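*Asks:* Got a predicted model here, sequence first, then my questions.
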Amino acid sequence: QVQLEESGGGLVQAGGSLRLSCAASGGTFSSYGMGWFRQAPGKEREFVAAVSRGGSSTYYADSVKGRFTISRDNAKNTVYLQMNSLKPEDTAVYYCAAKQGPFARVLALGEYAYWGQGTQVTVSS
């Protein structure tokens with residue numbers, strides 16, 4: 001059983017940056033692929049980015065490619081999401097999630113067994 005806790009959200013102006021962190025406990029962090037998802041009011045939860053167990057492979061949604069960077073530190077049991085050039089449409093609750101198995105089907109919410117509670121990101125125009 002893995003517990004995930006996000007932090008680092010907040011209010012930022014358009015064009016600004018934030019770095020989200022997700023600390024894991026209760027499991028072998030390096031055995032899980034990790035993903036970030038987000039959910040805006042009135043919308044479905046959507047995939048943002050994912051990183052493989054060792055950190056060598058990453059995948060991004062087209063909407064954030066070139067602006068967001070996912071990384072992980074297995075020694076610290078933490079995954080990060082560096083968000084640059086933020087836009088108002090990036091406003092959402094951001095969730096981290098953990099999946100077992102191969103680094104495949106990373107866009108699918110159902111592939112992830114464990115989820116954090118989320119952290120709010122608000123980008124003002």
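*Replies:* Looks like it arrived, so ask away. Just so we're clear, the structure is a prediction, and the values are computed from it rather than from any experiment.
*Asks:* hang on, Thr122 packs against Ala14?
*Replies:* No - using CB atoms under 8 Å, Thr122 is not in contact with Ala14; the gap is 10.8 Å. To be clear about C-beta, it is placed using only N, CA and C from the backbone, and glycine gets the same treatment.
*Asks:* Contacts only, for Arg105.
*Replies:* Arg105 sits next to Glu111 when contact means CB atoms under 8 Å, 6 or more residues apart in numbering.
*Asks:* what kind of secondary structure is it in?
*Replies:* At Arg105 the chain is in coil, as set by DSSP: H, G, I helix; E, B strand; the rest coil.
*Asks:* any idea how far Gln3 is from the residue nearest the centre of the chain?
*Replies:* Central residue of the chain (CA atoms, centre = their mean): Trp36, 2.1 Å from the mean position. For Trp36, the distance to Gln3 (CB to CB, to the nearest Å) stands at 17 Å.
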